[in-house]
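Engineer: take a look and give me a structure for this.
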Amino acid sequence: MNIVLTVFFDGQYWVGVFERTGSDGYEAAKVVFGAEPKDGEIYDFILKHLDRIRFSLPEEDKSTERKAANPKRLQREISKELKRTGAGTKAQEALKLQYECSKAENRKTSKKIIEQVKEMRFEMHRQKTKEKHKGH
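Structural biologist: Okay, here's the model as predicted:
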């Protein structure tokens with residue numbers, strides 16, 4: 001399993017995007033840090049909270065494993081990666097999918113609650129009408 005953390009400033013908050021690739025496929029998760037985190041704070045966060053991070057549903061990883069690269073090329077790729085801001089497109093798609101799933105889940109639960117409230121009001125109304133007819 002390979003996990004990559006990208007920390008960037010999105011204009012309002014400092015955000016961390018975890019990207020995990022493994023036998024299941026590709027997964028991503030987004031964590032909002034708020035103020036700019038120091039290296040030690042990030043390390044503590046990873047040690048304490050990595051198991052509680054909710055990753056997106058696994059997607060098939062289409063990228064293939066590369067063999068060992070030329071050291072100079074590897075250094076150029078690392079510097080390019082450091083200059084890049086924000087999360088990658090793949091991570092954005094995975095996070096969007098996770099957001100849509102949680103949104104649908106929230107809709108279902110709120111719909112259940114609304115139905116329960118309607119049912120309760122109906123029962124209260126029915127009980128009230130029965131009580132009114134008792135005195136007749």
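Engineer: contacts only, for the residue most central in space within the chain.
Structural biologist: Nearest residue to the geometric centre of the chain (CA atoms, centre = their mean): Ala29, 4.5 Å. Contact partners of Ala29, counting by CB atoms under 8 Å, 6 or more residues apart in numbering, are Val17, Phe18, Arg20, Ile53, Arg54, Phe55, Ser56, Leu95, Gln98. Where you see a C-beta, it was placed from the backbone N, CA and C, and this is true even at glycine.
Engineer: okay, and it sits in which element?
Structural biologist: Per DSSP states H and E, Ala29 falls inside strand 26-34.
Engineer: list the buried ones in that strand?
Structural biologist: Burial within strand 26-34, assessed by neighbour count using 16 or more other CB atoms under 10 Å, is assigned to Tyr26, Glu27, Ala28, Ala29, Lys30, Val31.
Engineer: alpha carbons of it, as CSV, please.
Structural biologist: The C-alpha coordinates for strand 26-34 follow below in CSV (Å, rounded to 0.1, in the frame of the first residue of the first chain):
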residue,chain,number,x,y,z
TYR,A,26,-7.1,4.1,-5.8
GLU,A,27,-8.8,6.0,-2.9
ALA,A,28,-8.7,9.6,-1.7
ALA,A,29,-9.6,11.6,1.4
LYS,A,30,-9.7,15.3,2.2
VAL,A,31,-8.8,16.7,5.6
VAL,A,32,-9.1,20.4,6.5
PHE,A,33,-6.4,21.6,8.8
GLY,A,34,-7.4,25.3,9.2
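Engineer: tell me what the strand or helix carrying Glu105 is packed against?
Structural biologist: Using DSSP H and E, Glu105 sits in helix 89-134. Secondary-structure packing of helix 89-134 (3 or more CB pairs under 8 Å, 6 or more residues apart in numbering; DSSP states H and E): strand 14-21, strand 26-34.
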